[in-house]
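# would you be able to build a 3D model of this:
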Amino acid sequence: MNPVSVRKESFQEAAITPDFDNEARAMVNYEGLPPLDPKEVVTTSIFRNASSIWLRDSSGAKLVYEASTAEYEGMLVFDGTIVCVGSRDECPLDNYAGYYIKDLQRGSIMPALTSVGTALGLQEIPLERTTSDGPVNDPLLGSMPGIVDDGIVSAYDGLMFRTRDALLTYHAGVTSSITVPITPASGDSLNVGFLQGISTFLSLGAKHKLEKGAVMKRDAALHVGILHRGMGASVSMQIATLCNLLLNHDNSRRGQMFQVVYNGTLTLAVDAKNADIIASLLALKADETL
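Prediction:
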């Protein structure tokens with residue numbers, strides 16, 4: 001038995017180093033901070049030499065084409081609409097000479113990704129408070145200002161567009177984000193708040209909040225944290241508080257949002273890091289009295 005694993009031919013060829021001359025020139029011209037804003041292509045676009053093409057429908061992403069050994073498989077896009085996908089016979093790209101052409105060099109075309117649970121769109125520099133929306137106050141610790149005692153924080157209100165983190169993420173193929181309000185010392189459960197606020201679903205390539213499509217869903221989910229804490233409310237007190245908020249609604253902004261959760265039209269996202277706490281939450285969800 002041969003102990004050597006023989007790889008297929010395509011793995012035996014060294015990768016071709018891309019040409020980064022334009023990027024290097026931009027770094028010099030802009031003193032290390034070249035603009036990252038997305039460039040809109042309004043004409044016909046041709047993507048050639050694709051090894052596979054994935055498209056999204058109502059059930060998720062699906063593989064719609066996988067290339068053979070031919071050289072001209074690809075996709076034709078006209079004004080943002082996919083005209084044809086497939087081989088050279090199925091999608092005759094040679095008829096569209098003179099348009100924007102991108103050679104994928106056996107790369108893959110797939111739907112853009114979505115970031116979940118990050119602070120993208122809420123801060124410029126993570127460790128600089130003056131460039132950040134700031135952490136959420138916790139009502140269970142008594143740190144909520146009295147003037148907003150019955151309110152609830154929404155990431156939508158603190159959104160910042162065209163931050164470098166958001167644009168770099170956009171260039172990497174992650175074009176949208178479900179952004180959660182910033183919690184203090186998110187790696188330390190002693191300081192993470194119980195009522196963490198409402199997340200929002202936004203486009204990372206938008207220029208500002210009022211742009212069409214910039215905010216795809218204002219209220220994405222309501223977030224709470226049920227955690228072991230060295231001081232403050234116990235786990236049982238936190239779960240009791242959650243039950244009370246779900247069952248006893250008032251006309252405040254906070255009460256209205258928990259009413260929407262109780263009715264099943266808004267997602268409740270719970271931050272829990274312990275198996276027993278998770279089991280208690282699952283039992284709570286199955287409780288028919290709620």
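# make it CA atoms for all contacts and neighbour counts henceforth
OK.
# and for Ile198, the neighbour number?
The local packing of Ile198 (other CA atoms under 10 Å) involves 24 other residues.
# quick check, it in a strand?
Yes - when classified by DSSP: H, G, I helix; E, B strand; the rest coil, Ile198 is found to be part of a strand.
# please tell me how far it sits from Pro184.
15 Å (CA to CA, to the nearest Å).
# ok, now Ile239?
21 Å.
# surely Leu266 meets Ala220?
Yes - using CA atoms under 8 Å, Leu266 is in contact with Ala220, at 7.2 Å.
# quick one, phi/psi of Pro139?
Pro139 adopts backbone torsions of phi -70, psi -30, taken as degrees, to the nearest 10.
# burial count for it?
By other CA under 10 Å, 19 other residues sit near Pro139.
# now it: closest residue in space, sequence neighbours ignored.
Nearest residue to Pro139, sequence neighbours excluded (CA to CA, 6 or more residues apart in numbering): Leu195, at 7.1 Å.
# got the buried residues for stretch 106-126?
Neighbour counts using 16 or more other CA atoms under 10 Å place Arg106, Ser108, Ile109, Thr114, Ser115, Ala119, Leu120, Gly121, Leu122, Gln123, Glu124 of stretch 106-126 among the buried residues.
# ok, these vs Ser59, which is closest?
Nearest to Ser59 out of these is Thr114 (CA to CA; 16.0 Å).
# state the pLDDT value of the closest one.
pLDDT recorded at Thr114 is 94.
# contacting residues for it?
Going by CA atoms under 8 Å, 6 or more residues apart in numbering, Thr114 touches Val174, Thr175, Ser176, Ser177, Ile178.
# restricted to strands, list these.
Counted as lying in strands by DSSP state E, out of the contacts of Thr114, are Val174, Thr175, Ser176, Ser177, Ile178.
# hang on, Lys207 packs against Phe161?
Yes - taking contacts as CA under 8 Å, Lys207 lies within contact range of Phe161: 5.9 Å.
# quick one: which of these two has more around it?
A direct count of neighbours by other CA under 10 Å for Lys207 and Phe161 places Phe161 higher, at 23 against 16.
# ok, now which ones touch the most centrally placed residue in the chain?
Most central in the chain under CA atoms, centre = their mean is Ser115, positioned 1.9 Å from the mean C-alpha point. For Ser115, the contacting residues are Val174, Ser176, Ser177, Ile178, Thr179, by CA under 8 Å, 6+ apart.
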